[in-house]
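S.K.: Here's a sequence, model it:
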Amino acid sequence: MPRALILHHIPTEAAALMRAMQSAGCEVEVAVESNWNSGRVDAKPFDLVVTTGSDFADLVERCAEESALRQSIEAALLDAEAMYRSFAEGLPIHLLCKNREGRFTFANGLFCRELGKSLAEITGKTDFDFFSNELAEKYQADDQRVTQTLEVFRDVEEHRLPSGEKRHVEVLKAPIYNAAGDVAGVQVAFWDVTDRIRAEEEINRKNRDLETLLYVTSHDLREPLRAIRNFAKLVSERYAPKLDERGQDYLRRVVRGAERLDRLLDDVLTLSRAQRSVEIAADVDVSEVVADVLAQLEGRIERTRAEVQVAADLPRLSADRRWVTQAVYHLVINALKFTKPGEAPQVTISAYRPGPTDRPGRGVVVADRGPGVPAGYSERIFQLFQRAVGRDVEGTGAGLAIVRQIAERHEGTAWVRPRDEGGSEFVVTFGDVVN
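M.R.: From the prediction side, this is the model:
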């Protein structure tokens, strides 16, 4: 601590200056100026000697101002620290801070209670003092990654309480900066998500069970369906002359019903798989997907004399090609089905490029010149088994539900909007785009 000597002839001014210098961290002594002049005061032990003069009063005033400013700053810092602690203690999550050496510098009450330690017992310690070597090494590796890359780290990881109980927590780590802008450490927030993880695991298990049930049910139902359809056809072919027109109509209805139920089982299975088996990994050229779909539907396009136009600027996607193909297939076959009476289908396939007020995403627009979607059905038709038309139009009511499920599994969506000059535009978007 520096030592200072104040020489004075006005005690009140010297006292004010002494208080200001003491608040600045100096050890201060005061002497009468006449003693200094007579040589009775030794200046050697002091680092600083302040004598009276024309600037003495100004110096006293400036020191007083500096002292008041320092006290104000210290009070503001105390208020800020109290506010931070109040904030940290009020949140229902664990909060802690570490320096660059991995030593704890702060922890809120929730974290202290979990460890069964006071803040004083935690401060200055490291993860190795409270957790297994395996966990401590992981925590410190994650901390170093944050301080080196300056990126926020987020993960769901296994966490063990001091009692040994295993829990799952969601962790958020971010760098701490000092006043100079340098990284001083890492701040950590984490909260218990064990119940959520268990619920997700239970849902996944039930989904797997449901898919198995659907597969087995579909497989088992197809055998009697195939028998009903085949025997109905045999009766119709071999015994038609013995049946009147009404009997033959009944047989045709049996065959159509069996065929429709078979397609319905296929669509339900497809929807179930789309909910679970999407793998977003491949670079998909939508132009190639559209070409494959049109090749599959070539016979239908020829029969209906449909006119299909495909834009040249279809996007590339990071997606599961199987399901992109499935979505485009359902939209195109939908456009081929819905036409105005007596008119051939007019289908346009183009890229979806959102404007400033449009929904975000990149994808495909399949437009038709059909009768359009009735009011109130724009959302309902994307729900399973919801149709805007009667049984006279083929279909199971699952196609658009499949399209939306595929889109949502790719972080996109699907919807319908009116087409200029009549018809509808069905849009499907995908979240991840290559270009």
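S.K.: so what strands line up beside the top strand by length along the chain?
M.R.: The residue-count maximum for a strand in the chain (DSSP state E) belongs to strand 166-177. Next to strand 166-177 in the sheet, as set by DSSP bridges, lie strand 153-160 (antiparallel), strand 183-192 (antiparallel).
S.K.: Go through the longest one and flag the buried ones.
M.R.: When neighbours are counted by 16 or more other C-beta atoms under 10 Å, the buried residues of strand 183-192 are found to be 184-190, 192. In short, each C-beta sits where N, CA and C put it, glycine included.
S.K.: ranges for the helices of the stretch 301-435 of the chain?
M.R.: In the stretch 301-435 of the chain, helices defined by DSSP state H, counting those that start in this stretch lie at 321-337, 399-409, listed in chain order.
S.K.: hmm, back to that, rank the buried residues of strand 183-192 by pLDDT and give me only the lowest.
M.R.: Within the buried residues of strand 183-192, D192 has the lowest pLDDT, namely 86.
S.K.: For R196, grab the count of nearby residues.
M.R.: Taking other C-beta atoms under 10 Å as the criterion, the count of residues near R196 is 12.
S.K.: got a list of what it touches?
M.R.: Neighbour list for R196: H168 [criterion: C-beta atoms under 8 Å, 6 or more residues apart in numbering].
S.K.: before we move on, what about D143?
M.R.: Taking C-beta under 8 Å, 6+ apart, we find D143 in contact with 98, 102, 173, 186, 188.
S.K.: Apply 6 Å and report the result again.
M.R.: V186 (C-beta atoms under 6 Å, 6 or more residues apart in numbering).
S.K.: And L251, by the same measure?
M.R.: Each residue near L251 by C-beta under 6 Å, 6+ apart is listed here: 232, 235-236.
S.K.: Please indicate which of those residues are buried?
M.R.: Neighbour-count burial within the contacts of L251 applies to 232, 235-236; the criterion is 16+ other C-beta under 10 Å.
S.K.: mean confidence for stretch 201-213?
M.R.: Mean per-residue pLDDT for stretch 201-213: 76.
S.K.: Flag every buried residue along it.
M.R.: Counting neighbours by 16+ other C-beta under 10 Å, the buried set in stretch 201-213 is E211.
S.K.: Stretch 360-373 now?
M.R.: Neighbour-count burial for stretch 360-373 flags 361-370, 372-373 (criterion: 16+ other C-beta under 10 Å).
S.K.: domain parsing for this protein?
M.R.: Structurally, the chain divides into domains by automatic domain parsing as follows: 3-85, 91-192, 196-277, 280-435.
S.K.: how distant is the shortest one from the center of its chain?
M.R.: Once both centres are worked out by C-alpha atoms, centre = their mean, to the nearest Å, domain 196-277 turns out to sit 38 Å from its chain's centre.
S.K.: Enumerate every residue touching T429.
M.R.: With contact set as C-beta under 6 Å, 6+ apart, T429 has these partners: 361, 363, 412-413.
S.K.: Quick check: the gap between it and R362.
M.R.: Distance of T429 to R362, computed by C-beta to C-beta, to the nearest Å: 6 Å.
S.K.: Please apply the same query to R208.
M.R.: Taken as C-beta to C-beta, the spacing of R208 relative to R362 amounts to 32 Å.
S.K.: where do the helices sit along the stretch 51-200 of the chain?
M.R.: So, for the stretch 51-200 of the chain - with DSSP H, counting those that start in this stretch - the helices run 56-90, 109-115, 119-122, 133-149, 194-239.
S.K.: just those helices: most buried one?
M.R.: Between these, helix 109-115 has the highest mean count of neighbours, a mean of 17, where neighbours are mean count of other C-beta atoms under 10 Å.
S.K.: quick one: contacts of that helix?
M.R.: Contacts of helix 109-115 from elsewhere in the structure, counted by C-beta under 6 Å, 6+ apart, are 89, 94, 96, 119, 130.
S.K.: hang on, the third one packs against V188?
M.R.: Translated: L96. Yes: if you go by C-beta atoms under 6 Å, L96 and V188 touch, sitting 5.1 Å apart.
S.K.: What is the nearest of the buried residues of strand 183-192 to H168?
M.R.: Nearest to H168 among the buried residues of strand 183-192, counting by C-beta to C-beta, is D192 at 7.4 Å.
S.K.: Report the beta-bridge partners for the closest one.
M.R.: In this structure, D192 bridges to V169 when assessed by DSSP bridges.
S.K.: any idea how far it is from H159?
M.R.: D192 sits 8 Å away from H159, taking C-beta to C-beta as the criterion.
S.K.: what's the overlap in contacts for these two?
M.R.: Common neighbours of D192 and H159 (criterion: C-beta under 6 Å, 6+ apart): 167, 169.
S.K.: Which residue ranges of the stretch 301-435 of the chain form strands?
M.R.: Counting by DSSP state E, counting those that start in this stretch, the stretch 301-435 of the chain forms strands over residues 307-310, 316-319, 346-352, 362-367, 414-418, 424-430, given from the N-terminal end onward.
S.K.: Which among those is found nearest to V169?
M.R.: In this view, those are compared for proximity to V169 by C-beta to C-beta, and strand 316-319 is the closest at 30.1 Å.
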